[in-house]
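Asks: Got a sequence here, can you model it:
(chains A and B)
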There are 2 protein chains.
Amino acid sequence: MQSLPARIGDPLAAVETPALVVDLDVFEHNLDLMANAVRGSGLALRPHAKAHKCPDIAKAQIARGAVGICCQKVDEAAVFVAAGIADVLVTNEVVTPSKIARLARLAQAATVGVLVDDARVIPDLSAAAAMAGGTLHVYVEIDVGAHRCGVAPGAPAAALAQAAASAPGLRFRGLHAYHGGAQHLRRYAERLTAIAQASRAAAETKALIEAAGVPCPVVTGAGTGTWQLERDSRIYTELQPGSYVFMDADYGRNALAPDEHAFEQSLYVLATVMSVPAPERAVVDAGLKALAFDSGPPIVHVRRGVEYVKGTDEHGVLAVDPAQETLALGDRVWLIPGHCDPTVNLYDWIVGMRGERVE
Amino acid sequence: MQSLPARIGDPLAAVETPALVVDLDVFEHNLDLMANAVRGSGLALRPHAKAHKCPDIAKAQIARGAVGICCQKVDEAAVFVAAGIADVLVTNEVVTPSKIARLARLAQAATVGVLVDDARVIPDLSAAAAMAGGTLHVYVEIDVGAHRCGVAPGAPAAALAQAAASAPGLRFRGLHAYHGGAQHLRRYAERLTAIAQASRAAAETKALIEAAGVPCPVVTGAGTGTWQLERDSRIYTELQPGSYVFMDADYGRNALAPDEHAFEQSLYVLATVMSVPAPERAVVDAGLKALAFDSGPPIVHVRRGVEYVKGTDEHGVLAVDPAQETLALGDRVWLIPGHCDPTVNLYDWIVGMRGERVE
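Replies: Numbers count the residues shown, from 1 in each chain, chains lettered A, B, ... in the order given. Coordinates of the predicted model:
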């Protein structure tokens, strides 16, 4: 358990590092930009809360018009339902009996959805819902190109939808058609092609399901890298972006088309210089346990000629160009994480800053 | 906060995944192997607790003869001192005034050491120790080849030792000469060369300090990859290995010399198959938030023809050779983490298993 990194009203200098810090002005700008861009499109916005894992942020999204949230684990769903979020979709397969039972109990207090990509799980979900006396919303996950989970689009998905629709205690809601790999394709044309394919697969599957007499009102998916494409696809009905609230170095490397909305970086890891062994080297207190490195090292914010070159458990080594920047013991350094979701996962606290003050 | 993954006495099947699991028989074998290999050498064993962050494990190490523990952060030191560990060395520079004050307060209840590599911090440490009415043990960190923190060996280090030795409230204990980069050199000959250099640098610096009339009783350092070399160096007096209790895929890639002790893998991430979209692909519930990827993906234990090929936030994609292995929904998969320390950091709980039962 991390000790409390700051108190409300603290100045920036009092924040203990390494700390996960959100610039609240930018964060609220991102919230508004997404809410406004989806409002009026006829689509629902169901932001993915695996990015922030924070009920207060979920409530800020719902206050701006989101219909509910997505999360990725039963543990997360339990936290959000306990915090009063009324509509939670677990965008994942749940197959362990104890977790299925827990999910069904959550559905007593909230609208709870879950994905299926295998018919063998449907009797278990149905029995758990009956046992808990409630209804689980079920979405069939189709593989639209990410090649992770998901049944093949077309007939296999339609058969699964039929099975879900006829199982007691379950309510078939539609298709989950998320293309994870497309989020990080650098060129707009590549993202366009990927989501066009995903949309075709979803449309054909939906038509097949409805031709068999099963209503399929929802097609849900999309992320921060592609959401405008799904919004304009005429087949998706619900969007699930998550990282847009924070952004990260990896999303920053996507080349945007002129009409794509640009979100701004609101999330930082605040670090302190704890050693300056040489003018061209400084060491900060944020390493492998303070930042996720799966999408590369963090970017050093604002300071010119400073690069984060190596992370070890509790150290980050910075290469400094002495002609451009001098770092001294105790200096604060703002780092833009390579990948926001697993970085947020490393912290018990998010410090919200308004200007130079903890809010 | 992770929900409790298991209860004492549970069978393996009841452990909620992803879970951090330790095979207690192997773990105790590793503890004994290290304790026996250091006992009788005249050196002190001060295991690094940043690997496990667990007071119960620290106590098991001390019960086998360790003189105390190392940790990397003031937060960690506070947890270990509160748990009754009497001798804690923070193997890191501490420069922030609030952290220095906290460290000095810990020294009221335990023997507490800290590193310095910059003379500007010595007055702050001294004042904090005086304020708390105690004594802080101080070690000068020298850069013996890792090029992270640390003052240059020789005269700069000797000057720093002199300053620490003459500051009220501080007790200069010796040199911190840890070569982090040497731990993961794959070939024995490379490790031998690196530690020979480190030993020479430490010996020359110690001689210089003592020539100025300042006693320098301790030279501390070493890790799981090189500890036998420091043990046999005739200059190191204390060893700090940490990962040996668990091991990981990265240490498993070190080629050992015939007389080097081999520790065995005791740490696993237990995962569950949650989707089998095709015979050659399965997806488990352990991804970027359940495993550290800085030293590569995990290795799949025991199952032949199965490889962990891609991690995303909550998913791990396995490539399966159907001729060798079939994975089904709900199957348990044991993963050997690429790097143990930052993987342990992701969990609130370590599940100790004795055979098939939670202990």
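
Asks: what does the model give residue A:2 for pLDDT?
Replies: Here, the pLDDT recorded for residue A:2 equals 60.

Asks: what's the following helix or strand after the helix ranked longest in chain A?
Replies: Longest helix in chain A by number of residues (criterion: DSSP state H): helix A:188-211. Later in the chain than helix A:188-211, the nearest helix or strand by DSSP states H and E is strand A:218-221.

Asks: got the buried residues for that following strand?
Replies: By neighbour count on 16 or more other C-beta atoms under 10 Å in any protein chain shown, the buried set for strand A:218-221 is A:218-221. The way it works is simple: take the backbone N, C-alpha and C, and place the C-beta from them, glycine included.

Asks: Now do the same contact list for residue A:91.
Replies: Residue A:91 sits next to A:48, A:70-72, A:115, A:176, A:178, A:240 when contact means C-beta atoms under 8 Å, 6 or more residues apart in numbering or on different chains.

Asks: Out of those residues, flag the one nearest to chain B.
Replies: Proximity of those to chain B (C-beta to the nearest C-beta) peaks at residue A:72, which lies at 4.4 Å.

Asks: how far away is the closest one from residue A:205?
Replies: Residue A:72 is 23 Å from residue A:205, where distance means C-beta to C-beta, to the nearest Å.

Asks: of the two, who's got more company?
Replies: Using other C-beta atoms under 10 Å in any protein chain shown as the criterion, residue A:72 and residue A:205 rank with residue A:205 on top: 29 against 24.

Asks: The more buried one against residue A:157, yeah?
Replies: Yes. Contact criterion C-beta atoms under 8 Å: residue A:205 and residue A:157 qualify, at 4.8 Å.

Asks: what's the overlap in contacts for those two?
Replies: Contacts common to residue A:205 and residue A:157, judged by C-beta under 8 Å, 6+ apart, are A:142, A:175.

Asks: how about the helices in the stretch 101-250 of chain A?
Replies: A:122-132, A:155-165, A:188-211, A:227-231, A:249-252 (DSSP state H, counting those that start in this stretch).

Asks: ok, and what's touching the shortest one?
Replies: For helix A:249-252, contacts defined as C-beta under 8 Å, 6+ apart pick out A:183-184, A:224-225, A:243, A:263, A:265, A:295-296, A:298-299, A:336-340.

Asks: partners of the next helix or strand after that helix, with directions?
Replies: Later in the chain than helix A:249-252, the nearest helix or strand by DSSP H and E is strand A:267-278. Within its sheet, strand A:267-278 is paired with strand A:19-23 (antiparallel), strand A:281-284 (antiparallel), strand A:332-336 (antiparallel), according to DSSP bridges.

Asks: Show the contacting residues for the residue in the stretch 101-250 of chain A that chain B sits nearest to.
Replies: With C-beta to the nearest C-beta, the shortest gap between the stretch 101-250 of chain A and chain B falls at residue A:149, namely 3.9 Å. Contacts for residue A:149 were tallied using C-beta under 8 Å, 6+ apart; they are A:92-93, A:115, A:117, A:141, A:143, B:274-275, B:277, B:283, B:315.

Asks: Same check on residue A:12?
Replies: Listed by C-beta under 8 Å, 6+ apart, the contact set of residue A:12 reads A:332, A:353, A:356-358.

Asks: Pull out the buried residues from those.
Replies: A:353, A:358.

Asks: and the two most separated of the contacts of residue A:12?
Replies: The most widely separated members of these, counting by C-beta to C-beta, are A:332 and A:357 (14.7 Å).

Asks: I'd say residue A:155 and residue A:211 touch.
Replies: No. Residue A:155 is beyond contact range of residue A:211, at 11.2 Å (criterion: C-beta under 8 Å).

Asks: The two - which one has more neighbours?
Replies: More crowded of residue A:155 and residue A:211, by other C-beta under 10 Å: residue A:155, with 12 against 9.

Asks: For residue A:198, which residues are in contact?
Replies: Here residue A:198 is in contact with A:144-145, A:177, A:179, A:182, A:221, A:230 (C-beta under 8 Å, 6+ apart).

Asks: re earlier: now which of the contacts of helix A:249-252 would you call buried?
Replies: Of the contacts of helix A:249-252, these count as buried by 16+ other C-beta under 10 Å: A:183-184, A:224-225, A:243, A:263, A:265, A:295, A:298-299, A:336-340.

Asks: out of those, who's nearest residue A:201?
Replies: residue A:183 (17.0 Å).

Asks: so how far is the first residue of stretch A:103-119 from its last?
Replies: By C-alpha to C-alpha, to the nearest Å, the extent of stretch A:103-119 from end to end equals 18 Å.

Asks: Show me where chain A dips below the pLDDT cut-off.
Replies: Filtered on pLDDT under 70, chain A yields the residue ranges A:1-2.

Asks: can you do 90?
Replies: A:1-4, A:40, A:259, A:261 (pLDDT under 90).

Asks: Now stretch A:171-183: buried residues?
Replies: A:172-183.

Asks: With distance to residue B:344 as added columns, please give those in TSV.
Replies: Formatted as TSV, those follow (distance: C-beta to C-beta, whole Å):
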residue	distance to residue B:344
A:172	41
A:173	39
A:174	40
A:175	39
A:176	33
A:177	36
A:178	31
A:179	33
A:180	27
A:181	30
A:182	34
A:183	29
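
Asks: what helices or strands is the strand or helix carrying residue A:75 leaning on?
Replies: Counting by DSSP H and E, the element that carries residue A:75 is helix A:74-82. Using 3 or more C-beta pairs under 8 Å, 6 or more residues apart in numbering or on different chains; DSSP states H and E, the elements in contact with helix A:74-82 are helix A:55-63, strand A:69-71, strand A:87-93, helix A:97-106.

Asks: Now residue A:67: closest residue in space, sequence neighbours ignored.
Replies: Nearest residue to residue A:67 in three dimensions, chain neighbours excluded: residue A:44, at 4.5 Å (C-beta to C-beta, 6 or more residues apart in numbering or on different chains).
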